[in-house]
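Undergrad: Next comes the sequence, and after it the predicted model I'd like to discuss.
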Amino acid sequence: MGYLSCNAESAIATCDSYNWELLTKRPIQDHSTRPFKILEFDFSVLHSATDGFSAGNLLGKGSHGAVYKARIHQIKSVAAVKRTKQTHNSAVGNSNCTTDTELEILSRIYHPRLVNLLGFSSDPYQRKLIVVEYMPNGSLYDLLHRSGKPPGWVKRTRFALQVARAVQFLHASNPPIIHRDIKSSNVLIDANFSSRLSDFGLSLRGHVEDVKVKCTPPAGTLGYLDPEYLAPGDLSTKSDVFSFGILMLEIITGRNAIDVNYSPPSVVNWAVPAIKVGDFTGICDLRIGPPRDWEALRRMAVLAARCVRSTAGKRPGMAEVVECLKIVHQKMKARSPICVNLGSLVGEDSRAGKYEPLDESMEIASNSRTGSRRNGKKSSVSSAQIRHYAIGDRVERSKSIGTASEVKYLPPDESDDHIICRRGRLSVKIPTVRLSKSRSVGILQGKKLVRNNNVTTGQRRNLLVDSEE
């Protein structure tokens, strides 16, 4: 099931007269990069496309309205229509404000990593409706927390990189756009199984010096909200960086940003102390186990800890985040089973190497607590998974907010077309192989596969490639 996320039960929504003068203006279109024209639909077209906004086409509900699947013949495509709920006080009311803001923001920008605007309309009560791209594969939240088969590490790092690129684009816009509500339920998955950032109802467009931005009260979602963002003047792009850091911890650990079933419930306050002491595998999602590339995990975990530093000025910018995640994703792709088998031929430990410890200046909130790893909720994992992890059948959940040290990133030496595996004296360049079935196993053989006299033909034939990721 796909939808445009409007789930905001835990959001601290705001709407004020200082934001944008929208109620009497139509969206301003920027066609510089947009491959299609934004359309103004007649309400009857959307009413018909959604079968009268029937329950059968309902994709999701939130505090500000509902989202419906629409088959619009005018654009020969399936779309998602967000409709604000009717208020009791007036026909228009404040519930229309977040839709106006989203319409204003999306009408000015376009990016392949965003859920982009297709058109807009108004109902007979002058409530705004926005029409956006349809995302058929649900949300990242569903994949991480509700799927029977959670995504593996290659997919997880690709999702994180794609969202990072979306946030980087927003921050680099002129003027900058601060999303203010980055979370897994606002990351949707398209038909190509790529992630898109959605829901711009709380976003602000303008420089932080702008009076309009300064006069807008803080907003966001509990669990993802920057602890330094307590007043309008505290707002900056680093507030989004903090929320993105929470999202990365959620991707690594597989647990919610806030989970009241654990004490303390915050993923930050459980994961950051573990990252500080180098326990990177201890925070990995139990359902999939740690990745094969220990160094990639270390880089991603340390980056997440840096993003959630309690001091905004010490957090990295999104350009640095994107560059680091590029390396992490390439390393995850390169650590396929064929590389592991090649490494075993020369006797290399797949986890060889030293981690770079976090600096001593990491700030830990005064109310942070570190509990026992066996004081948490019992995990529903198989005995095989528990043996693989070797960390017991209970997971510690604790609470703190902290930072990590600066990390020196090495430029990637892998391309999109090849995987480079280096194991001691063995150097192999392997063309990327795509198999017809997602879980198929194939055999690579031939003189070009391994250029090393110590590797026999029989060993070459035993090298397998798993294309699950």
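TA: Everything's here; your move. Numbering: from 1, shown residues only.
Undergrad: Phe159 and Asn192: what is the separation?
TA: The gap separating Phe159 from Asn192 is 12 Å, by C-beta to C-beta, to the nearest Å. Using the backbone N, CA and C atoms, a C-beta is placed for each residue, glycine as well.
Undergrad: Counting neighbours, go ahead and name the busier of these two.
TA: Phe159 (23 against 8; other C-beta atoms under 10 Å).
Undergrad: Can you get me a residue count around the closest residue to Glu228 other than its chain neighbours?
TA: Nearest residue to Glu228 in three dimensions, chain neighbours excluded: Ala312, at 4.9 Å (C-beta to C-beta, 6 or more residues apart in numbering). Using other C-beta under 10 Å, Ala312 has 18 other residues around it.
Undergrad: Could I get the full set of helices for the stretch 201-350 of the chain?
TA: Assigned by DSSP state H, counting those that start in this stretch, the helices in the stretch 201-350 of the chain fall at 211-214, 237-253, 267-276, 294-307, 318-334, 337-345.
Undergrad: Next, format these as JSON lines and append distance to Lys82 and mean neighbour count.
TA: As requested, those are exported to JSON lines (distance: least, C-beta to C-beta, whole Å; neighbours: other C-beta atoms under 10 Å):
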{"stretch": "helix 211-214", "distance to Lys82": "24", "mean neighbour count": "16"}
{"stretch": "helix 237-253", "distance to Lys82": "21", "mean neighbour count": "25"}
{"stretch": "helix 267-276", "distance to Lys82": "29", "mean neighbour count": "26"}
{"stretch": "helix 294-307", "distance to Lys82": "29", "mean neighbour count": "24"}
{"stretch": "helix 318-334", "distance to Lys82": "26", "mean neighbour count": "21"}
{"stretch": "helix 337-345", "distance to Lys82": "43", "mean neighbour count": "19"}
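Undergrad: Out of those, which is closest to Tyr229?
TA: Comparing the helices of the stretch 201-350 of the chain against Tyr229 with C-beta to C-beta, the closest turns out to be helix 237-253 (4.8 Å).
Undergrad: Output the closest one as CSV, nothing but the C-alphas.
TA: Output of helix 237-253 as CSV, limited to C-alpha atoms (Å, rounded to 0.1, in the frame of the first residue of the first chain):
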residue,chain,number,x,y,z
THR,A,237,19.3,23.8,9.3
LYS,A,238,21.1,21.9,12.1
SER,A,239,17.6,21.2,13.6
ASP,A,240,17.0,19.0,10.6
VAL,A,241,20.4,17.4,11.0
PHE,A,242,19.4,16.3,14.5
SER,A,243,16.2,14.8,13.3
PHE,A,244,18.1,13.0,10.5
GLY,A,245,20.5,11.6,13.1
ILE,A,246,17.5,10.1,15.0
LEU,A,247,16.4,8.6,11.7
MET,A,248,19.8,7.0,11.1
LEU,A,249,19.8,5.5,14.6
GLU,A,250,16.3,4.2,13.8
ILE,A,251,17.7,2.6,10.6
ILE,A,252,20.6,1.1,12.4
THR,A,253,18.8,-0.2,15.5
